[in-house]
Structures are given as C-alpha cells and as structure tokens.
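Asker: Quick one: sequence plus predicted model below, questions after.
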Amino acid sequence: QVHLVESGGGLVQAGGSLRLSCAASGSLFRYNAMGWYRQPPGKQRELVAGISSSGRANYANFVKGRFTISRDNAKNTVYLQMNSLNPEDTAVYYCTIGVVSSTGGSWSFGDYWGQGTQVTVSS
C-alpha cells in the first residue's frame with residue numbers, strides 16, 4: 001500500500017508561479033517513477049511530468065520550459081515547480097507513483113494517486 005500527500009496548490013495570477021509537493025509513504029520499492037497528472041475542467045486527465053528514481057524526467061509538450069520536476073529520494077518526495085502559469089494551466093493536479101510504460105517517448109504510469117490539489121490561474 002502506498003500513500004501520497006500533496007500540497008502547494010492555490011490561486012495565482014497569470015505569469016505567476018507555484019510549487020507543488022508530494023510525499024510518498026509505504027511500499028515504494030517496486031515503482032520506478034513519480035510525477036504529476038492534471039485534469040482541467042471538463043477534460044480528461046493528462047500527464048504533466050514524471051521523474052524516474054534515477055532522476056530522468058519526462059514532460060508534456062505544453063509545459064516544457066515552464067515547469068520543472070524534481071525529487072528527493074531520501075524524503076520520497078517529488079516537486080513540481082510551475083512558472084509562467086497561464087489560465088489554461090487551471091486544473092486539479094494529481095500526484096502519482098507507478099511503473100512507467102513508454103510509447104513514442106511519452107510516459108504513462110499511475111498505480112497510486114493522491115487526492116489532488118487545485119491550481120487556479122486567473123487572467
């Protein structure tokens with residue numbers, strides 16, 4: 001069993017920044033990636049960024065150059081630094097952990113999920 005606790009969401013103006021954190025606990029050894037998905041209003045959940053236990057990162061095209069994912073393995077914590085936010089980034093952001101499958105360079109994973117944290121970007 002794995003437990004994920006997210007923090008750091010909120011309301012920010014366009015152009016601003018937020019930092020999300022997610023701490024994992026439990027039996028983590030079988031999983032090789034942590035990361036973030038998001039679900040905008042009325043849309044499907046989509047990958048934002050993932051990072052492997054060795055530090056290799058994978059980003060969705062729509063966040064490249066604006067968001068940075070990192071992790072602290074000693075703390076079993078993953079971070080998402082979000083800069084240059086725009087209203088299209090408004091969504092519930094979910095932390096996840098799992099075993100990565102890769103198709104065409106895009107990652108997919110998600111064995112366990114956090115409760116989600118709301119990010120709202122005003123124009």
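Answerer: Great, that's in hand.
Asker: what about E88, which SS state?
Answerer: helix (DSSP: H, G, I helix; E, B strand; the rest coil).
Asker: so how far is G10 from G98?
Answerer: 26 Å (C-beta to C-beta, to the nearest Å). All C-beta atoms are positioned from the backbone trio N, CA, C, and that covers glycine.
Asker: Compare the two (neighbour count), which wins?
Answerer: Comparing G98 with G10 by other C-beta atoms under 10 Å, the one with more neighbours is G98, at 20 against 12.
Asker: And the more buried one, how close does it get to D111?
Answerer: 4 Å.
Asker: Report pLDDT for the residue nearest the centre of the chain.
Answerer: Averaging the C-alpha coordinates of the chain gives a centre point, and the residue nearest to it by C-alpha atoms, centre = their mean is W36 (1.8 Å). Turning to W36, the model gives it a pLDDT of 98.
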